[in-house]
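S.K.: need coordinates for the following:
(one chain, ligands or ions: 1)
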Amino acid sequence: MEVIILNKEYIASLNNWCDELLTFVHQRNEERLDLFTEEITKLKEYLAKDLTEEEEQDIYNRAESLSSQISEVIDVDRNNTSRIVKIGEHQLPPLPYSYSALEPYIDREIMRLHHDKHHKSYVDGLNKAEKEMEKARKTNNFALLKHWEREAAFHGAGHYLHTIFWTIMSPNGGGKPTGDLAKLIDLSFGSFDRFKNHFNEAAKQVEGVGWAILVWVPRTKRLEILQAEKHQNLSQQDVIPILVLDVWEHAYYLQYKNKREDYIKNWWNVVNWNEVSRRLNTARKVMWESF
Ligand SMILES: [Fe+2]
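M.R.: As a prediction, the model looks like this:
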């Protein structure tokens, strides 16, 4: 009995996964992805039937093969990272494996909710915030800017971090890193074990909600481990600042007192655009896949 219930759940989640793939293929509107539409639709028809044990096994195999074929296309996309995501047009990236692929370590039910509901709501929230800020720029009405900036940071950080999260896990994962990454971990933390302990503690000790994040620090040429408590507090994450304006009081108070606005207005007279351009050119070398 137990087994039958589990299978039913798996079939329901496979069905959802198919729907999500169809949406993704449709949104991309690319010929090479169209090839999958037929196979996904067939699989869905199959899933709607009462299945024999043999047919079920066949379905698992077809889902696995579909998943690896689509992953290959997404992998190719990773090399093609120049697509611009227009304002308010972020997409939920499809899971690069099936919902149950990370079991027994992470349940299919968690993966389904986490990806389909939670990540999706970050994508929707970010799109909404971007559109609202575009409207504010066009109408010169910034009355709600603080709210939409907060929303853009919260949902943007959520979208970008989850997009990384799905890809840094794999059913074939585990073990230890090799090559340059291994060397850099040794240089930055002493050894892989010390890195892992530090990362575990950082994750355990995140206050409330948040993330443990391993980052490359371009200044030190080393890796560092950071905690992101409520990810929006550190702005969007996965972005590179190119122009910054310090509005702490120490930056202007001696001269401008409480007139922050005057300081901001005058500050534009000293911006070094050559350096901003140089930072942009270096930053643009980092291009992740577009979602
Ligand atoms: Fe999450």
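S.K.: check which helices and strands the helix or strand where Phe165 lies sits against.
M.R.: Using DSSP states H and E, Phe165 falls within helix 145-167. Counting contacts by 3 or more C-beta pairs under 8 Å, 6 or more residues apart in numbering; DSSP states H and E, helix 145-167 packs against helix 120-139. Just so you know, the C-beta spots here come from the backbone N, C-alpha and C atoms, and that holds for glycine as well.
S.K.: now the helix it packs on - C-alpha only, PDB.
M.R.: Extracted C-alpha coordinates of helix 120-139, given in PDB (Å, rounded to 0.1, in the frame of the first residue of the first chain):
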ATOM      1  CA  LYS A 120       8.700  31.200  -8.200                       C
ATOM      2  CA  SER A 121       7.400  33.900  -5.800                       C
ATOM      3  CA  TYR A 122      10.800  35.500  -5.700                       C
ATOM      4  CA  VAL A 123      10.800  35.700  -9.500                       C
ATOM      5  CA  ASP A 124       7.300  37.200  -9.500                       C
ATOM      6  CA  GLY A 125       8.200  39.700  -6.800                       C
ATOM      7  CA  LEU A 126      11.400  40.800  -8.500                       C
ATOM      8  CA  ASN A 127       9.500  41.300 -11.800                       C
ATOM      9  CA  LYS A 128       6.800  43.300 -10.100                       C
ATOM     10  CA  ALA A 129       9.400  45.500  -8.300                       C
ATOM     11  CA  GLU A 130      11.400  46.100 -11.500                       C
ATOM     12  CA  LYS A 131       8.300  47.100 -13.400                       C
ATOM     13  CA  GLU A 132       7.200  49.500 -10.600                       C
ATOM     14  CA  MET A 133      10.600  51.200 -10.500                       C
ATOM     15  CA  GLU A 134      10.500  51.600 -14.300                       C
ATOM     16  CA  LYS A 135       7.100  53.200 -13.900                       C
ATOM     17  CA  ALA A 136       8.500  55.500 -11.200                       C
ATOM     18  CA  ARG A 137      11.400  56.600 -13.500                       C
ATOM     19  CA  LYS A 138       9.000  57.300 -16.400                       C
ATOM     20  CA  THR A 139       6.500  59.300 -14.300                       C
END
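S.K.: can you pull out the helices in the stretch 1-150 of the chain?
M.R.: All helices of the stretch 1-150 of the chain, identified by DSSP state H, counting those that start in this stretch, fall at 2-28, 31-47, 53-79, 108-112, 120-139, 145-167.
S.K.: export these to a markdown table and tack on mean neighbour count?
M.R.: Shown next, in a markdown table, are the helices of the stretch 1-150 of the chain (neighbours: other C-beta atoms under 10 Å):
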| stretch | mean neighbour count |
| --- | --- |
| helix 2-28 | 15 |
| helix 31-47 | 14 |
| helix 53-79 | 14 |
| helix 108-112 | 17 |
| helix 120-139 | 16 |
| helix 145-167 | 18 |
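S.K.: can I get the ones you listed in CSV including mean pLDDT?
M.R.: Listed next are the helices of the stretch 1-150 of the chain as CSV, based on pLDDT from 0 to 100:
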stretch, mean pLDDT
helix 2-28, 70
helix 31-47, 78
helix 53-79, 73
helix 108-112, 90
helix 120-139, 96
helix 145-167, 92
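S.K.: which one of those helices lies closest to Arg279?
M.R.: Arg279 lies closest, by C-beta to C-beta, to one member of the helices of the stretch 1-150 of the chain: helix 145-167, at 19.5 Å.
S.K.: the closest one: what's the following helix or strand?
M.R.: The helix or strand immediately downstream of helix 145-167 is helix 179-189, counting by DSSP H and E.
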